[in-house]
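[1] Provide a 3D model corresponding to the input given below.
(3 chains)
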Amino acid sequence: MYRYDQYDQSMVDARVDEFRDQVARRLANEITEDQFKPLRLMNGLYLQLHAYMLRVAVPYGTLSGTQMRMLGHIARKYDRGYGHFTTRQNIQYNWIKLSEAPDLLAELATVEMHAIQTSGNCIRNISSDQFAGAAADEVADPRPYAELLRQWSSFHPEFSFLPRKFKIAVIATDVDRAAIQLHDIGLQLVRKDGELGFKVWVGGGMGRTPMIGHVIREFIPARQYLSYCEAVLRVYNRYGRRDNIYKARIKILVHELGAAEFTRQVEAEWAILEPLALDAPQAEYDRIVAQFADPEFDVAAPDSVDRSDPDFALWLDQNVHAHKQPGYAIATISLKPVGGIPGDATADQMDLIADLAARFAHDEIRVTHSQNLVLAHVRKADLYALWTALEGAGLATPNLDLVTDIIACPGLDYCALANARSIPVAQKIAERFADLDRQHDIGELKIKISGCINACGHHHAGHIGILGVDKKGEEAYQLSLGGSGAEDASLAKILGPGFSEAGVVDAVEKVIEAYRVVRSGPGERFLDTYRRVGAEPFKAAVYAPAGATS
Amino acid sequence: MTDVQDQSPVANAAPVPETATPVLSFRDTPLYDGPVVALADFGATSNTAAVRLDPGDDARALVPHLGGLRLIEVSFPKYRDGRGYSSARILREAGYTGELRAAGDVLLDQVAFMRRVGFDSFAPAKPLDPARVDAALSRYEYVYQKAADGRPPVWALRHG
Amino acid sequence: MIRLLTGNVLETGDVVWWTGSNWSLALRDAVDVGPDGDALLARTVAAERINDPALVDAEPTRDGPRPRTMRERVRGAGPTVRADLNRPNSIEATA
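    Coordinates of the predicted model:
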């Protein structure tokens, strides 16, 4: 893992100092709320329905046990004993006091954490693959490049007042676990003629106008990717629309110019920027890469696992993935217990996970964009002990990628922008499909729920997507099918007229029952069936007149 | 997870009215105080020494004329419109060494970024407290990236 | 139909309701601001101590005012998914 040196620490400490000053000026009414709001947003502090919400960055979704323990401490001391892991691999606290936020940030800084640029029209937290450094099929660990992007984008003087927020994701495998084609910039680390570099997508995104990114370069050498990103950002900062916030993301610029013309402009800008030596020297790459070196693996670790406990075997089959190192595995901790709040974890659970990471996983934890946690380096011989401990804390639900592993934004229960609640819909769907045999029969199925058009719950990328809307003061829900945030990225399409809360849960069940009828066999995923047969069988099942039989 | 809380459009914001607020300078030489013309009125044959760039103007249009200019004023009708930061850096990258002034909705919390992209004088619509400006400019001892101010990024210090 | 004045306290973010003479954390203390609403709102905005101040429509009930929109009912009562955190003396948002 990356550790701060004196320079990184100095930056974060200065930010705490600056924010303390800004808060003091606001509390003394020296600046207006209108002037203060963008300042607090640049530090991740929103005013939501009930209180301030603080979003803390978890860069590329990686944190240490010590950092997780601090997150638990903050939940206890400054919040109400819990936090919420988000689709951008961050954590949010829901009950923060403005007057206490500077102290909170000072405590975070002691464990090399911050809330810098977790909001605002700037470059946001860099996201990545939760299996980075452990996946067998990766070209190299993508996180050193994400860390260098973190540093480059922090307090970037030219790009802190962009037309709109800007999200970058970095992966290093053909399997996309970070939804890079739905980011403003998606970077895939590849190797060409022995040299590391990136394939570059630009202009993906969700929100009101979802779009899949375009490949604007097949290969930019890793030693030049920062200046190339600088060129992309400069073209965006100069020409991105500022007349309409719903058209201000880079995806609209790319769409309006066309990918070819946008690419030409980026290349022209890069031709000017590249000679200015903006890229970090090789020694800096080497320094950061060294910090992400593999932990000291136990080369004698046995490669077999005792599956005699059937409940453990269920978890093993569903939540554990292959590791590059023989004798090791990647374990996903589900934050989706049936009936729970997707992504929420209590302070006690955070402490436990920190302890387990120290005991079993080289003190390293990952946050996934599906709002789960991962222990990336676990000896297979320790899996049973790990599972036993997780099971005791309600953290061993064996439902990864199944119908109850639902992504949901905070929705109208917390969020000032929401039109409808998301969490209760997720809970009711999970309760409807709680039976594990039924979940296994249905197989991989990603349900994603957003409480408003901003799409924090990634509903456009859901195999089944649900969008909460406001219908004359009442909550209503639209159902979409066929989205994917993976390497086969696609945007879900609206099925038909909307539903009430109870109605949408029934509609989801009808869609799933229709899938079970029309699928070619138990091995055909819902998404593949939908792509093969189209929307009609699902429309018929959901909107059939009452009493009609198929 | 949402964040469109402070998002009124900035592109068509009304310009901040001309004021008599003193210009804050970081230059050793006296400030230019002659007439300033808008880019649209600046002809190649003109002997004007000062030009104003509005957010939508292409700073590169001035690149052939930089040698004859003493002041380029970049207007910020609304501080959230960040196009002027790119304009400034483009001019410095092109070798402009004359006065580069940020004018309009220039606030304390943006001054450090503005210095980094090459501005060396400020004409804020509302006066800034010079002591606070000094504090803001000295708050960050290091910077993470190269810009137009010549400060070495931390990677240069790490591997100096 | 009555109108309530609400907002969030600058220092804490707490949801508060105008009682006629002060701000209260309890929705049931809220009073109908009636025709004074716009003037009170303008005064609140100008003071810069209550964030996102707003006038909301509500219906009087035996248990206190019940805001018309789900959004304001959730603000009044707390998250519907965390009954343990609900504010005291409030009508359930989903009631």
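[2] burial count for whichever residue of chain C sits closest to chain B?
    With distances taken as C-beta to the nearest C-beta, chain C approaches chain B most closely at C:Asp52, which sits 9.4 Å away. (Each C-beta comes from the backbone N, C-alpha and C, glycine too.) With neighbours defined by other C-beta atoms under 10 Å in any protein chain shown, the count for C:Asp52 comes to 16.
[3] go on, A:Pro497?
    Here the count is done by other C-beta under 10 Å, and A:Pro497 has 11 residues near it.
[4] per-residue confidence at it?
    What the model reports for A:Pro497 is a pLDDT of 97.
[5] pLDDT averaged over the lengthiest strand in chain C, what's the number?
    Longest strand in chain C by number of residues, with DSSP state E as the criterion: strand C:50-61. Regarding strand C:50-61, the rounded mean pLDDT is 97.
[6] For that strand, which strands pair with it and how are they oriented?
    With DSSP bridges as the test, strand C:50-61 is paired with strand C:2-9 (antiparallel), strand C:64-67 (antiparallel).
[7] among those strands, which gets the worst mean confidence?
    Least confident of the strands paired with strand C:50-61, judged by mean pLDDT, is strand C:64-67 with a mean of 94.
[8] Point out the other helices and strands that whichever helix or strand comes after that strand packs with.
    Toward the C-terminal end, the helix or strand that comes next after strand C:64-67 (DSSP states H and E) is helix C:70-77. If you count contacts as 3 or more C-beta pairs under 8 Å, 6 or more residues apart in numbering or on different chains; DSSP states H and E, helix C:70-77 packs onto strand C:15-18, strand C:64-67.
[9] where does the chain dip in pLDDT?
    Using chain A. Across chain A, the stretches falling below the confidence threshold (pLDDT under 70) are A:546-550.
[10] Switch to chain B, please.
    Applying pLDDT under 70 to the predicted model, the residue ranges of chain B that meet it are B:1-21, B:44-46.
[11] All the strands of it, residue numbers only.
    Ranges of strands within chain B are B:24-25, B:37-38, B:50-53, B:71-76, B:99-104, B:121-124, based on DSSP E.
[12] so which of those gets nearest A:Gly81?
    The closest of those to A:Gly81 is strand B:71-76. By C-beta to C-beta, the value is 43.9 Å.
[13] how about the nearest residue to A:Val504, chain neighbours excluded?
    Sequence neighbours aside, A:Tyr477 is the residue nearest to A:Val504 in space, at 3.9 Å (criterion: C-beta to C-beta, 6 or more residues apart in numbering or on different chains).
[14] bridging residues for that neighbour?
    Taking DSSP bridges, one obtains A:Gly468, A:Phe499 as the residues bridged to A:Tyr477.
[15] ok, now which ones touch A:Tyr239?
    The neighbourhood of A:Tyr239, defined by C-beta atoms under 8 Å, 6 or more residues apart in numbering or on different chains, consists of A:Leu253, A:Leu257, A:Gln265.
[16] count of residues packed around the last one?
    Looking back up the chat, that one is A:Gln265. 19.
[17] again with the second one
    A:Leu257: 16 surrounding residues under other C-beta under 10 Å.
[18] so what's it up against?
    Contact analysis of A:Leu257 by C-beta under 8 Å, 6+ apart lists A:Tyr239, A:Gln265.
[19] quick one: it from A:Arg264, how far?
    When C-beta to C-beta, to the nearest Å is applied, the distance between A:Leu257 and A:Arg264 equals 9 Å.
[20] Then A:His459?
    From A:His459 across to A:Arg264, the span is 34 Å (C-beta to C-beta).
[21] Looking at these two, which one has more neighbours?
    Summary of the neighbour comparison: A:His459 and A:Arg264, criterion other C-beta under 10 Å, with A:His459 having more neighbours (30 against 14).
[22] what about the residue nearest to the more buried one when sequence neighbours are not counted, which SS state?
    Spatial nearest neighbour of A:His459, excluding adjacent residues (C-beta to C-beta, 6+ apart): A:Gly465 at 3.4 Å. The three-state label for A:Gly465, taken from DSSP: H, G, I helix; E, B strand; the rest coil, comes out as strand.
[23] Longest helix in the chain, please.
    Since no chain was named, I'll use chain A. Longest helix in chain A, counting residues (DSSP state H): helix A:6-27.
[24] Correction: the question concerned chain C.
    Scanning chain C for the longest helix, with DSSP H as the assignment, gives helix C:37-47.
[25] Next, the buried residues of that one.
    C:Gly37, C:Leu40, C:Leu41, C:Thr44, C:Val45 (16 or more other C-beta atoms under 10 Å in any protein chain shown).
[26] Please tell me how far the residue most central in space within chain B sits from chain A.
    Chain B has B:Ala102 as the residue nearest its centroid, 3.7 Å off, counting by C-alpha atoms, centre = their mean. In this structure, B:Ala102 and chain A are 12 Å apart, going by C-beta to the nearest C-beta, to the nearest Å.
[27] Tell me who's in contact with that residue.
    With C-beta under 8 Å, 6+ apart as the criterion, the residues that contact B:Ala102 are B:Val74, B:Phe76, B:Gly84, B:Ala88, B:Met114, B:Phe119, B:Ser121, B:Phe122, B:Ala123.
[28] sorry, back to before: helices or strands next to the longest helix of chain C in the packing?
    With contacts defined as 3+ C-beta pairs under 8 Å, 6+ apart, helix C:37-47 has these neighbours: strand C:2-9, strand C:50-61.
[29] So what touches that helix?
    C:Arg3, C:Leu5, C:Gly7, C:Trp18, C:Val33, C:Ile50, C:Pro53, C:Ala54, C:Leu55.
[30] Quick check on those residues: which are buried?
    Buried subset of the contacts of helix C:37-47 (neighbour count, 16+ other C-beta under 10 Å): C:Arg3, C:Leu5, C:Gly7, C:Trp18, C:Val33, C:Ile50, C:Pro53.
[31] circling back: now secondary structure and distance to B:Asp54 too, for the contacts of A:Tyr239, in TSV please.
    Conversion of these to TSV gives the following (DSSP: H, G, I helix; E, B strand; the rest coil; distance: C-beta to C-beta, whole Å):
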residue	secondary structure	distance to B:Asp54
A:Leu253	helix	20
A:Leu257	helix	22
A:Gln265	helix	21
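[32] contacting residues for B:Gly92?
    Let me fix one detail, which is that residue B:92 is Arg and not Gly. B:Leu100, B:Val117, B:Gly118, B:Ala148.
[33] Return the member of those residues nearest to chain A.
    Using C-beta to the nearest C-beta, B:Val117 comes nearest to chain A of these, at 5.1 Å.
[34] Go ahead and confirm the closest one touches B:Gly82.
    No: look at B:Val117 against B:Gly82 with C-beta atoms under 8 Å: they stay out of range, at 9.8 Å.
[35] Residues in contact with both of the two, list them for me.
    In contact with both B:Val117 and B:Gly82: A:Glu158, using C-beta under 8 Å, 6+ apart.
[36] who has more neighbours, the two?
    Between B:Val117 and B:Gly82, counted using other C-beta under 10 Å, B:Gly82 has the larger neighbour count: 28 against 25.
[37] The nearest residue to the more buried one once chain neighbours are set aside and chain C, how far apart?
    Excluding the flanking residues, the one nearest B:Gly82 by C-beta to C-beta, 6+ apart is A:Phe161, at 2.9 Å. Distance of A:Phe161 to chain C, given as C-beta to the nearest C-beta: 22 Å.
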